[in-house]
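> heads up, no residue letters with this:
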């Protein structure tokens, strides 16, 4: 996993929106909100599948394993889905 540190200066509307997102409790920190925004951009531009796709795929894996659903099988399904991305 790559870690990138950068300084971002915001003013005007973007700074106000970021502050409001944290003030309303949608995010704990401004950094958290910015990370979420970057992930959403990744979804928008096709660089990342939407979270709902992962939950749907996980649900299909869980359904296939009935009635022998175990923690290990769920963990295996998650790992398999992560490798596909």
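Received, thanks. All figures in this text were calculated on a predicted structure; none of them were measured in a lab. Residues are numbered from 1 along each chain as shown.

> Please name the nearest non-neighbouring residue to residue 43.
Leaving aside its sequence neighbours, residue 43 sits nearest to residue 50 (C-beta to C-beta, 6 or more residues apart in numbering; 5.0 Å). For the C-beta atoms, the positions are set from N, CA and C on the backbone; glycine is no exception.

> gap between the one you found and residue 31?
22 Å (C-beta to C-beta, to the nearest Å).

> swap in residue 62?
Applying C-beta to C-beta to residue 62 and residue 31 gives a distance of 33 Å.

> Check residue 64 too.
38 Å.

> give me the number of residues near the residue nearest to residue 8 when sequence neighbours are not counted?
Nearest residue to residue 8, sequence neighbours excluded (C-beta to C-beta, 6+ apart): residue 34, at 7.1 Å. Residue 34 has 15 neighbours, counted by other C-beta atoms under 10 Å.

> what helix or strand is residue 34 on?
Using DSSP states H and E, residue 34 sits within helix 30-44.

> And residue 2, by the same measure?
Following DSSP H and E, there is no helix or strand that holds residue 2.

> what about it, how many neighbours?
Using other C-beta under 10 Å, residue 2 has 3 neighbouring residues.

> next one: the one 5 residues further on
Here the count is done by other C-beta under 10 Å, and residue 7 has 4 residues near it.
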